[in-house]
Every structure is written in structure tokens, then in C-alpha cells.
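Asks: A predicted structure for the sequence below; I have some questions about it.
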Amino acid sequence: MSAFTVTSALAARVAAPKAGRSARRSTVVRAAEEPVVVDATTEIPAKPVYVKPTSFTLQQAFAFSAPEGSNFIASGPELMNGRLAMLAFVAAAGAEISTGETVMQQFSEAPTAVLLTTALFVAATLKTFTTNTISDTIGPFTKEKELLNGRAAMIGMAILLGYEAVKHVALL
């Protein structure tokens, strides 16, 4: 806890005050720590200790298990594939609804855009994975739900591609 000490001081001027002018008064507020009194029954709460996360190599990021001491509950490839599957499924389904083209037709029309988007998602995942940083849980968005949605999107994308390979028409 802090206590505030209020002192009053006269503002100093370099030159002598002119006739009719008086010196200005100012108020200065200074914070001073109160001494902590500790007896046998008082427990001082421990301050949280910040431990800088260790960074990981690309080899560890592409391993099929999460590195020891990482903040992630899944491996790098599962995170990358899950995020890419979520993006791909929503994009492919949306494009099929609006154009009626299959995924392969969509890819053949804009391969550069698809490959650049894939590269950006992989690079972003690698950046967070190699620096061992992960964002805090915000509302309903948790690490576990991201994994579950990524796995569901991988299954959905596989079903979409399988249906189109067998029927040779767009699903929607």
C-alpha cells in the first residue's frame, strides 16, 4: 500500500518578482511506501516469477510430438494442418457455394494465391511455435477448442475432396 505525502512549496523565480506580482504556490504530491510490518501470523504473498519461455528449433517444430517444456498441447504439424484445414474448408465450401466449381478447379484458377496463403499460415504457426509463445485464452477460444476444430476441419476437408474425386462434381 502507498501513502501520499502532500507538501506545499513556493515556486522559485530567477528574477525578483515585479511590483504587483506575488510568488506562485504549487502543490507537490509524492508517493512514499509504507513500511511492511511482518509478524508471525502475517503471510506475504509471493510475487509471480516470470520465466522466459525457451525457443525451439525448426526440427522440434516439425516433430510429431510437442517438445518438452513447450506451452503447446499439440505438435507443430498438427497445429499447422489444423489451421490450414480450417481455412481451406471454409474457403473451399464458400467458393463452391458461390461458383459451383470443385476444389481442383478453384486451385487451378489461382494456385499462387493458395500457395502464398498456405506459406503465410505455416510461417505464422512456426513463429509462435519456435518462440514458444501462445496467446491467452479469450472467452470461448481455447487451445483445446482450436485443436478440436482443426481436427474436424481436416476430416471435413478429406470428405469434401473424397466426394469430389468420386463424383467429379462440386459437393454443394
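Replies: Now that the structure is in, tell me what you want to look at. Numbering: from 1, shown residues only.

Asks: make it CA atoms for all contacts and neighbour counts henceforth
Replies: Noted.

Asks: what bits of this structure have low per-residue confidence?
Replies: 1-54, 67-72, 134-135, 172 (pLDDT under 70).

Asks: Please repeat the previous calculation with a cut-off of 90.
Replies: 1-80, 97, 124-144, 146-147, 168, 170-172 (pLDDT under 90).

Asks: Residue 107 - nearest residue in space that isn't next to it in sequence?
Replies: Of all residues not flanking residue 107 in the chain, residue 114 sits nearest, at 7.0 Å (CA to CA, 6 or more residues apart in numbering).

Asks: Does that neighbour touch residue 108 like I think?
Replies: No - judged on CA atoms under 8 Å, residue 114 makes no contact with residue 108 at a distance of 9.7 Å.

Asks: more neighbours, those two?
Replies: residue 114 (14 against 10; other CA atoms under 10 Å).

Asks: Give me the secondary structure label for that one.
Replies: helix (DSSP: H, G, I helix; E, B strand; the rest coil).

Asks: Am I right that residue 95 is in a helix?
Replies: Yes - secondary structure of residue 95 (three-state DSSP): part of a helix.

Asks: didn't it look like it was pressed against residue 101?
Replies: Yes - the criterion here is CA under 8 Å, and residue 95 meets it with residue 101 at 7.3 Å.

Asks: Which stretches in this protein count as strands?
Replies: Here the chain has its strands, by DSSP state E, at 2-10, 25-33.

Asks: burial measure for the nearest residue to residue 163 once chain neighbours are set aside, as a count.
Replies: Spatial nearest neighbour of residue 163, chain neighbours left out: residue 171 (7.0 Å); criterion: CA to CA, 6+ apart. Neighbourhood size, residue 171 [other CA under 10 Å]: 17.

Asks: Does residue 80 touch residue 125 like I think?
Replies: Yes - counting by CA under 8 Å, residue 125 is a contact partner of residue 80 at 6.2 Å.

Asks: So the residue nearest to residue 107 versus residue 120, what's the distance?
Replies: Applying CA to CA, to the nearest Å, the value for residue 114 to residue 120 is 10 Å.

Asks: again with residue 127
Replies: 10 Å.

Asks: would you list every one of the helices in the protein?
Replies: For the chain, the helices defined by DSSP state H cover 58-61, 76-99, 103-109, 111-130, 143-167.

Asks: just so I know, which of the ones you listed lies nearest residue 136?
Replies: Smallest distance to residue 136 across these (CA to CA): 9.1 Å, for helix 143-167.

Asks: Just the residues contacting the closest one, thanks.
Replies: 73-74, 79, 81-83, 85-86, 88-89, 102-103, 137, 170-171 (CA atoms under 8 Å, 6 or more residues apart in numbering).
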